[in-house]
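Novice: Next comes the sequence, and after it the predicted model I'd like to discuss.
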Amino acid sequence: PPGAPQAPQTPPPPPGTPPQAPPAAPPGGYGYPGPGQAPQPGGYGYPGQAPQPGGYGYPGGPGQPGQGFGAPTQPQFGAFPQQPGPYGAPGGPGGPGSGGGAKKRMAVIVSAAVALVLLVGGGVWFAVSGDDKEEQAKGGEGTSQGTGGKQGGGEQGGTKGDKPKTVDGKLLFEVEQEKVDDLVSAKGMWVGDQAVAKVDVYKIVGYGLSGGKKWELPLDGAVCWANPKPTDDGKAVVLVSDGKPSSEKKYGGPCTQVIAFDVNKGTKLWQKSAKAGDRDVTFDEVTIGAGTVAAGGTSGGAAWSLDGGQELWKPKEDSSNCKDAGYAGGGKLVAVRRCGDYERPQVSVQTLDPKSGAVKSTYKVPTGLNYPHIASTDPLVVAVSAGDTTGNGASDFLVVDDSGKDGTLRSKISTAGKYEPKCPATEVEGCSKLAVTKDTLYLPTEEHPSGNSSQPGRINEIVAFDLATGQTKGKTDGTAGTEMIPLGVDKDGYPIAYRNATFRWGGQVLRIDPKTFKADVLLKNADDTARAENELSPNYQQGVYAQGRLFLGTNYIRKVTVAGLGKQYTLQIYGGS
């Protein structure tokens with residue numbers, strides 16, 4: 001049916017193994033020569049989807065491949081652009097998956113089909129709504145890892161602070177990729193008040209905020225998943241495979257090891273796994289919520305205290321066959337719980353007591369929407385995929401009131417094939433290209449022709465939606481020839497966005513006024529390094545704006561097989577001198 005996820009094109013490795021090769025690189029730079037970095041497969045190995053027409057009434061055109069993830073002492077914006085995958089371009093073949101295998105992916109297809117049938121049949125409240133013309137007529141003229149540990153953004157509304165000054169940015173530091181024989185996952189980047197930590201080849205490396213290596217933390221396997229944001233005091237966690245690839249284990253060991261570390265010092269705080277009988281449980285993802293480290297997957301969930309690593313709970317069987325598929329963190333801890341039959345489960349979103357795991361609030365997800373994603377825990381915003389998602393994994397955003405025992409729907413916001421957030425195929429966390437404040441969701445539109453002969457090229461906007469009503473409340477106009485990407489929210493509640501570098505123009509970090517929706521330029525990068533900047537664009541790689549710096553990082557380190565491709569980089573730091 002239309003809008004259902006595409007069938008997998010390559011078989012996955014055994015469940016819980018680290019991600020493998022992404023598809024080949026697409027053209028990039030808005031018609032300019034393509035970057036050396038390839039887009040990564042959506043949802044750790046799940047295939048992308050073909051594009052759908054739309055985008056403010058314009059035909060959808062080819063876009064950059066998509067990507068895209070509070071904060072220690074200073075806020076960070078957009079770190080860990082969540083699940084990579086093409087935006088506005090046909091999806092390439094997916095690489096092997098991280099967990100669940102073909103059965104899990106087929107369940108995605110079946111559940112989306114069921115949800116679409118319900119939508120078309122009008123059997124549930126979940127109806128497609130909104131008027132395209134009305135949405136276009138509304139709106140105003142026209143840092144990024146979030147604040148306070150809130151997933152997807154901060155809790156403030158963004159009303160204070162003077163007009164910022166524009167800083168002329170330049171490339172301060174870069175790390176060239178190591179030579180490898182195959183492909184190694186390098187997804188994960190966190191900025192503390194003293195260092196930026198970047199996942200590398202079987203290790204995590206810390207650098208000064210303006211460059212220079214500070215520390216190195218060796219790992220026994222590949223990083224399968226990294227929590228989106230560090231805590232206020234600079235703590236982060238990663239999920240690591242139990243062993244590196246070998247002749248006996250082509251994909252290495254399963255993803256069983258949870259490691260907590262200090263971003264600023266590079267100190268390993270602890271390493272834990274959870275037992276199910278005499279074996280270690282395999283997980284798909286890990287996060288930090290309100291002082292608790294929680295890991296989840298198809299085998300269920302486990303949790304430890306961030307301070308000390310004390311086990312708080314682990315997977316257990318019950319008569320309802322309920323399992324925590326994953327968690328979202330920040331100031332709260334929220335679980336996606338699946339009960340019953342694997343392919344036709346009862347799915348709920350539960351706000352938990354982070355110390356005991358006790359359920360404080362439960363919101364029952366509409367039948368057929370089996371893989372919800374948590375875009376924000378406070379306020380609670382849930383992304384679901386049904387109908388026309390244009391391959392971005394989020395056709396609708398459900399704003400949930402979790403103040404009572406039974407969660408209730410506050411509003412629904414439909415992307416309707418016109419907007420380009422990005423969410424993974426099955427994982428709970430991982431949505432990117434959006435920003436959430438206490439009362440507003442910011443989404444980028446698809447690119448479309450500018451319609452201006454004096455400024456030809458493709459353009460997009462960032463549209464603000466009221467969480468209370470689901471209606472549009474304003475928009476930020478873009479610039480022809482480039483694309484704007486929401487990264488997150490700064491400490492004062494202002495949405496932070498990135499204006500993509502092209503082959504000729506340096507990128508820009510923007511702050512959006514939540515009253516006028518006009519954008520001020522915080523950082524304007526030099527044009528002479530635009531091509532290198534474009535290759536690590538937060539559109540499909542990792543990007544964080546923090547401490548007045550823009551940090552760009554790769555998701556995968558791969559063997560270079562194309563002659564003349566040039567140097568490839570793991571990390572770049574941009575900022576004022």
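Specialist: Looks like it arrived, so ask away.

Novice: Show me the helices in this structure, by range?
Specialist: In the chain, the helices defined using DSSP state H lie at 101-121, 132-137, 530-535.

Novice: Which of those helices comes out lowest on mean pLDDT?
Specialist: Per-stretch mean pLDDT for the helices of the chain is lowest at helix 132-137 (a mean of 36).

Novice: In this structure Gly481 contacts Asn452, no?
Specialist: No - Gly481 is not in contact with Asn452 according to Cβ atoms under 8 Å; the separation is 10.9 Å. Backbone N, C-alpha and C define where each C-beta goes, glycine included.

Novice: So for those two, which residue has more residues nearby?
Specialist: Legend: neighbour count by other Cβ atoms under 10 Å for Gly481 and Asn452, higher for Gly481 (17 against 10).

Novice: Excluding chain neighbours, what is closest to that one?
Specialist: Gly457 (3.8 Å; Cβ to Cβ, 6 or more residues apart in numbering).

Novice: Thr479 versus that neighbour, what's the distance?
Specialist: Per Cβ to Cβ, to the nearest Å, Gly457 is found 9 Å from Thr479.

Novice: for Val436, same thing?
Specialist: Taking Cβ to Cβ, one finds Val436 at 24 Å from Thr479.

Novice: can you tell me which residues contact the residue nearest to Gly481?
Specialist: Gly457 makes contact with 30, 449-450, 480-481, according to Cβ atoms under 8 Å, 6 or more residues apart in numbering.

Novice: quick check, nearest of those residues to Met189?
Specialist: Lowest distance from Met189 to the contacts of Gly457 (Cβ to Cβ) belongs to Tyr30, with 24.8 Å.

Novice: Could you point out the bridge partners of Ile512 in the sheet?
Specialist: Ala519 (DSSP bridges).

Novice: Pull the number of nearby residues for it.
Specialist: Neighbour tally, Ile512, other Cβ under 10 Å: 27.

Novice: By neighbours, which of the contacts of Gly457 wins?
Specialist: Tyr30 (22 neighbours).

Novice: Enumerate the residue intervals of the chain where per-residue confidence is below the cut-off.
Specialist: The chain contains residues with pLDDT under 70 at 1-161, 387-390, 563-564.

Novice: biggest strand in it, by residue count?
Specialist: strand 167-176 (DSSP state E).

Novice: Excluding sequence neighbours, find me the nearest residue to Asp324.
Specialist: Gly301 (3.0 Å).

Novice: no, scratch that, I was asking about Gln194
Specialist: Here the residue nearest Gln194, using Cβ to Cβ, 6+ apart, is Asn264, at 4.1 Å.

Novice: so how many other residues sit close to that neighbour?
Specialist: 23.

Novice: That one reaches Gly234, doesn't it?
Specialist: Yes - using Cβ under 8 Å, Asn264 is in contact with Gly234, at 4.7 Å.

Novice: export the contacts of Gly457 to CSV and tack on distance to Lys198?
Specialist: Output for the contacts of Gly457, formatted as CSV (distance: Cβ to Cβ, whole Å):
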residue, distance to Lys198
Tyr30, 27
Pro449, 37
Ser450, 36
Ala480, 33
Gly481, 30
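
Novice: Now for Ser361: which residues touch it?
Specialist: Contact analysis of Ser361 by Cβ under 8 Å, 6+ apart lists 350-351, 402-407.

Novice: State the pair within the residues you listed that is farthest apart.
Specialist: Gln350 and Ser403 (13.7 Å).

Novice: And the strands in the stretch 451-577 of the chain?
Specialist: Along the stretch 451-577 of the chain, counting by DSSP state E, counting those that start in this stretch, strands occupy 458-459, 462-466, 472-476, 484-489, 495-499, 508-512, 519-525, 542-546, 549-553, 556-558, 569-575.

Novice: mind listing what's buried in stretch 187-207?
Specialist: Residues of stretch 187-207 classed as buried under the neighbour-count rule (16 or more other Cβ atoms under 10 Å) are 187-202, 204-207.

Novice: Next step: these restricted to strands.
Specialist: 189-191, 195-200, 204-207.

Novice: so Tyr569 makes contact with Phe551?
Specialist: No - proximity of Tyr569 to Phe551 does not meet the contact threshold set by Cβ under 8 Å, at 11.9 Å.

Novice: More neighbours: these two, which one.
Specialist: Between Tyr569 and Phe551, counting by other Cβ under 10 Å, Phe551 is the more crowded of the two (30 against 21).

Novice: For Ala435, grab the count of nearby residues.
Specialist: 33.

Novice: Let me see the contact set for Lys213.
Specialist: 205-207.

Novice: Pro245 too?
Specialist: Pro245 touches 182, 222, 251-252, counting by Cβ under 8 Å, 6+ apart.

Novice: Can you select the buried ones from those residues in ChimeraX?
Specialist: A single ChimeraX command selects the buried members of these (16+ other Cβ under 10 Å):
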select :222,251,252
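
Novice: Closest one of the contacts of Pro245 to Ser376?
Specialist: Ala222 (28.8 Å).

Novice: out of the strands of the stretch 451-577 of the chain, deepest packed?
Specialist: strand 484-489 (a mean of 33; mean count of other Cβ atoms under 10 Å).

Novice: quick one: the strands in the stretch 151-300 of the chain?
Specialist: Under DSSP E, counting those that start in this stretch, the stretch 151-300 of the chain gives strands at 167-176, 183-185, 189-191, 195-200, 203-208, 213-218, 223-226, 235-241, 255-262, 268-272, 275-276, 279-280, 285-289, 292-296.

Novice: for those strands, which one ends up most surrounded?
Specialist: strand 189-191 (a mean of 34).

Novice: Just checking: what are the partner strands of it?
Specialist: strand 195-200 (antiparallel).

Novice: what does the strand it pairs with contact?
Specialist: Here strand 195-200 has contacts from 175, 178, 185-191, 204-209, 214-215, 223, 226, 236, 238, 261, 263-266, 544, 551, 553, 557, 570-571, 573, using Cβ under 8 Å, 6+ apart.

Novice: Just want the angle from that strand to strand 203-208.
Specialist: Computed by axes from the mean of the first three to the mean of the last three Cα atoms, to 10 degrees, the angle separating strand 195-200 from strand 203-208 equals 150 degrees.
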